[in-house]
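Visitor: Let me see the structure of the following:
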Amino acid sequence: MVPTAGRMSRNAGKLALVLMLGTALAGCKTEQTAQNAPAPEVGVIVLKPESAALTSELPGRLTPYMVSDVRPQVGGIIQKRLFEEGSMVKKGQLLYQIDPAPYQAAYDQAVANLARAEATLKSTANRAGRYAELVKINAVSKQDAEDALAARDQAAAEVAAAKAAVQNARINLDYTRVEAPISGRIGRSTFTPGALVTAGQAEALATIQTLDPIYVDVTQSSTEMLQLREAFAQGSLKDGKDATANVDLILPNGARYGHRGTLKFSEVSVDPSSGTVVIRALVPNPDGTLLPGMYVKAVLTEGVDPNAILAPQEAISRDEKGNPVAMLVGKDGKVERRVVKTSRVIGNRWLITGGLAPGERLIVDGFQKIRPGVPVKTVAAAQAGAAPQAGSAPQAASR
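Guide: Numbering: from 1, shown residues only. Alright, predicted model coming up:
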């Protein structure tokens, strides 16, 4: 039995030796196959500095260019309303007709009083003229002549007062015609025909708003403004001049508004409650698309970076700590993983503020085939910043 057991032990040892040799040979073959495999192909772009306009997307609220509350300047009963609610009206257009009868009567009486005063003036003027001749031959006393002159002057004053009364009556009569003080869109009427209105009442008959053009008031952080001014002072940004005067709007439905606005002014003080400044822009509104109170996004051009490094969004991912990461091809032809700094998105590209330099080769396609330290074969990317094919790039980094 013992010799048999010895033989079995020796056979088992030989089998184990054969298995170890086979495993070693297989490992060598695998390593040799990996070394002989062709280098993976990746799409790259060569980073170049370029001029980039820096924009900010800020919330804004639309306000009318002009607003006018229509109020009566005389009291009376409204006879007619002569406009369609929500329609466009022009300056001077008749909106309401207040009962003119009492004002017409007052005007007619003022005209009659003027005629009587003028007749009195004519009579007293003739008498004063005759007395002036008679006093020369002592036909009348000097006192009578002076009284005639005084009566003439008094009659002239009464004529002037009567003319003022006629003018006042005419103004009040004209005020029975309530006209539009400005051109614009008129809202609902708060009074109907038959309603009694009074001069200077608190409640407006209607409100007119001029909506073409229209204002958009946007707020910007005072911190961002200070950062921009510092960048201008250091020379890393250039003032856009003509570009900074332009404002583009994004409507609540996400569509870009078809007309470009112009900046008008910026508040010189900071709101202590929010730490922001107000910027106002004037925007054309010929189609009436923009309405007061509507909230929009205003895209403001802040300046121009003449040496910006822009990287396609698909070329930037995030590591486990949330840092933006880029994959590059080094001078030795191997993949290099590098943490970068991003500032903002311009179009479909990231503005890089650190970690990348002009002339470096940035990988934008073929990520699933590579890892740091692996040699790769580079080809020019079809389109820098173009959307990658499914699965060909990591998820785009977000700010």
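
Visitor: can you give me the helices in the stretch 101-250 of the chain?
Guide: Residue ranges of the helices in the stretch 101-250 of the chain, as given by DSSP state H, counting those that start in this stretch, are 101-134, 142-175, 222-234.

Visitor: nearest to Leu328, of the ones you listed?
Guide: Nearest to Leu328, of all the helices of the stretch 101-250 of the chain, is helix 222-234, at 26.7 Å by C-beta to C-beta. (Each C-beta comes from the backbone N, C-alpha and C, glycine too.)

Visitor: circling back: just put the helices of the stretch 101-250 of the chain in JSON lines and tack on mean pLDDT and mean neighbour count.
Guide: Formatted as JSON lines, the helices of the stretch 101-250 of the chain follow (pLDDT from 0 to 100; neighbours: other C-beta atoms under 10 Å):
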{"stretch": "helix 101-134", "mean pLDDT": "92", "mean neighbour count": "16"}
{"stretch": "helix 142-175", "mean pLDDT": "92", "mean neighbour count": "16"}
{"stretch": "helix 222-234", "mean pLDDT": "65", "mean neighbour count": "13"}
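
Visitor: next one: stretch 255-263 to chain centre, how far?
Guide: Relative to its chain's centre, stretch 255-263 lies at 8 Å (C-alpha atoms, centre = their mean, to the nearest Å).

Visitor: picking up where we left off before, between the helices of the stretch 101-250 of the chain, which gets nearest to Pro72?
Guide: Of all those, it is helix 142-175 that lies closest to Pro72, at 7.4 Å by C-beta to C-beta.

Visitor: Same list (the helices of the stretch 101-250 of the chain) but as CSV, adding distance to Ile370.
Guide: Shown next, in CSV, are the helices of the stretch 101-250 of the chain (distance: least, C-beta to C-beta, whole Å):
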stretch, distance to Ile370
helix 101-134, 90
helix 142-175, 83
helix 222-234, 36
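
Visitor: And these: which comes nearest Pro59?
Guide: Ranking the helices of the stretch 101-250 of the chain by proximity to Pro59 (C-beta to C-beta) places helix 222-234 first, at 13.4 Å.

Visitor: Would you mind listing the outside residues contacting stretch 278-288?
Guide: For stretch 278-288, contacts defined as C-beta atoms under 8 Å, 6 or more residues apart in numbering pick out 58, 60, 65, 185, 211-220, 247, 249, 257, 259-267, 271, 290, 298, 300.

Visitor: on that earlier part again, tell me which of the helices of the stretch 101-250 of the chain approaches Leu205 most closely.
Guide: helix 142-175 (12.7 Å).

Visitor: now the angle between helix 101-134 and that closest one, please.
Guide: 160 degrees (axes from the mean of the first three to the mean of the last three C-alpha atoms, to 10 degrees).

Visitor: Now the biggest strand by length in the chain: buried residues?
Guide: Counting by DSSP state E, the longest strand found in the chain is strand 50-70. Neighbour-count burial for strand 50-70 flags Ala52, Leu54, Thr55, Ser56, Leu58, Gly60, Leu62, Pro64, Tyr65, Ser68, Val70 (criterion: 16 or more other C-beta atoms under 10 Å).

Visitor: Next SSE downstream of that strand?
Guide: strand 76-81 (DSSP states H and E).

Visitor: next helix or strand past that following strand?
Guide: strand 88-89.

Visitor: Going by contacts, tell me the helices and strands next to that following strand.
Guide: Contacts defined by 3 or more C-beta pairs under 8 Å, 6 or more residues apart in numbering; DSSP states H and E place strand 88-89 against strand 184-186.

Visitor: got the contact list for Tyr107?
Guide: Tyr107 sits next to Val166, Ala169, Arg170, Asn172, Leu173 when contact means C-beta under 8 Å, 6+ apart.

Visitor: any idea how far it is from Ala157?
Guide: Separation of Tyr107 from Ala157 (C-beta to C-beta, to the nearest Å) stands at 21 Å.

Visitor: returning to what we had before: in strands, which of the contacts of stretch 278-288 fall?
Guide: Short answer: the contacts of stretch 278-288 in strands (DSSP E) are 58, 60, 65, 185, 211-220, 247, 249, 261-266, 298, 300.

Visitor: Can you tell me which of those residues are buried?
Guide: Buried residues within these, counting neighbours by 16+ other C-beta under 10 Å: 58, 60, 65, 185, 211-216, 218-220, 247, 249, 261, 263, 298, 300.

Visitor: still on that earlier bit, tell me the one of the buried residues of strand 50-70 nearest Ala128?
Guide: The shortest gap between Ala128 and any of the buried residues of strand 50-70 belongs to Val70, at 51.0 Å (C-beta to C-beta).

Visitor: my guess is the closest one contacts Gly184, does it?
Guide: No: using C-beta atoms under 8 Å, Val70 makes no contact with Gly184, being 11.1 Å away.

Visitor: Overlap in contacts, these two.
Guide: Counting by C-beta under 8 Å, 6+ apart, the contacts common to Val70 and Gly184 are Ile208.
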